[in-house]
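Chemist: please work out how this folds:
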Amino acid sequence: MPRTALAAGLAAAALVTTAQHAGAQHAERLRVGARPPGPAVDSQPPHRAPPPGAAVLRTGGAILGWAGGAYTGAYVGYGFRKHTGGDFEGFGEALLGAMAGGVVGAAAGAALPELGSRCETGRRFGRAIGGAALGGAAGLVGLGFGGWPALLTVPIGSVVGATAGAHGCRPAGS
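Modeler: Below you'll find the predicted structure:
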């Protein structure tokens, strides 16, 4: 265990030293007026501010996406079980399919509209799917309160997570 702590301490010290050195180099470039290495400033796409209400529009897209994804997921989940005519047969599979499909649908609904984002659609979708999955997982806390609250907390968590993930997207390197 002491070796692990020593290795972590050395790694942290190296990281701090590297950051200080990079900061000193940046300050020196600014002082002498040199341009930092990297792409020209003009090569960046122009930044457009998100329109008013962009978060509300993303949330609406996530809600609609969740509904469509949940319906599709429930249909697919229900089809996984061989049905013999019993009551509530395939209900569990349909419910799991709805939750999984809702997460993907919420991410797609939140990420598809550009709304002034400087990120490409794939990056927005990646962030939205991560947020929706984390929000949906956090929503599973509802299972501890008798199970039925999860029917509300998972969709809400997925929609909020997808919206936050897609709305907070910044381009790589910034």
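
Chemist: please identify the buried residues of the particular helix or strand that has G92 in it?
Modeler: Element membership of G92, judged by DSSP states H and E, is helix 91-111. Neighbour-count burial for helix 91-111 flags 93-95, 97-111 (criterion: 16 or more other Cβ atoms under 10 Å). C-beta: built from backbone N, CA, C; applies to glycine.

Chemist: can you give me the neighbour number for L143?
Modeler: Here the number of neighbours of L143 (other Cβ atoms under 10 Å) works out to 14.

Chemist: roughly how far does the nearest residue to it once chain neighbours are set aside sit from G90?
Modeler: Leaving aside its sequence neighbours, L143 sits nearest to A150 (Cβ to Cβ, 6 or more residues apart in numbering; 4.8 Å). Going from A150 to G90 by Cβ to Cβ, to the nearest Å gives 19 Å.

Chemist: where along this protein do the helices fall?
Modeler: Taking DSSP state H as the test, the helices found in the chain are 2-32, 54-78, 91-111, 121-139, 150-167.

Chemist: test my guess that G69 contacts A110.
Modeler: No - applying Cβ atoms under 8 Å as the test, G69 and A110 come out as separate, 11.4 Å apart.

Chemist: in this structure, where is pLDDT below threshold?
Modeler: 1-50, 170-174 (pLDDT under 70).

Chemist: can you do 80?
Modeler: Applying pLDDT under 80 to the chain picks out residues 1-52, 81-88, 116, 118, 142, 144-147, 168-174.

Chemist: who's in contact with the nearest residue to G73 once chain neighbours are set aside?
Modeler: Distances taken as Cβ to Cβ, 6+ apart place G101 nearest to G73, at 2.0 Å, with adjacent residues excluded. The neighbourhood of G101, defined by Cβ atoms under 8 Å, 6 or more residues apart in numbering, consists of 69-74, 76-77.

Chemist: just the buried ones out of these, please.
Modeler: Neighbour-count burial (16+ other Cβ under 10 Å) applied to these gives 69-70, 72-74, 77.

Chemist: please report how far the residue nearest to L143 lies from H167.
Modeler: Separation of A150 from H167 (Cβ to Cβ) stands at 25 Å.

Chemist: kindly report the same for G102.
Modeler: The value you get for G102 to H167, if Cβ to Cβ is used, is 19 Å.

Chemist: same question for G69.
Modeler: Counting by Cβ to Cβ - G69 and H167 are separated by 19 Å.

Chemist: go on, E93?
Modeler: Distance of E93 to H167, given as Cβ to Cβ: 33 Å.

Chemist: ditto for E89
Modeler: From E89 across to H167, the span is 40 Å (Cβ to Cβ).
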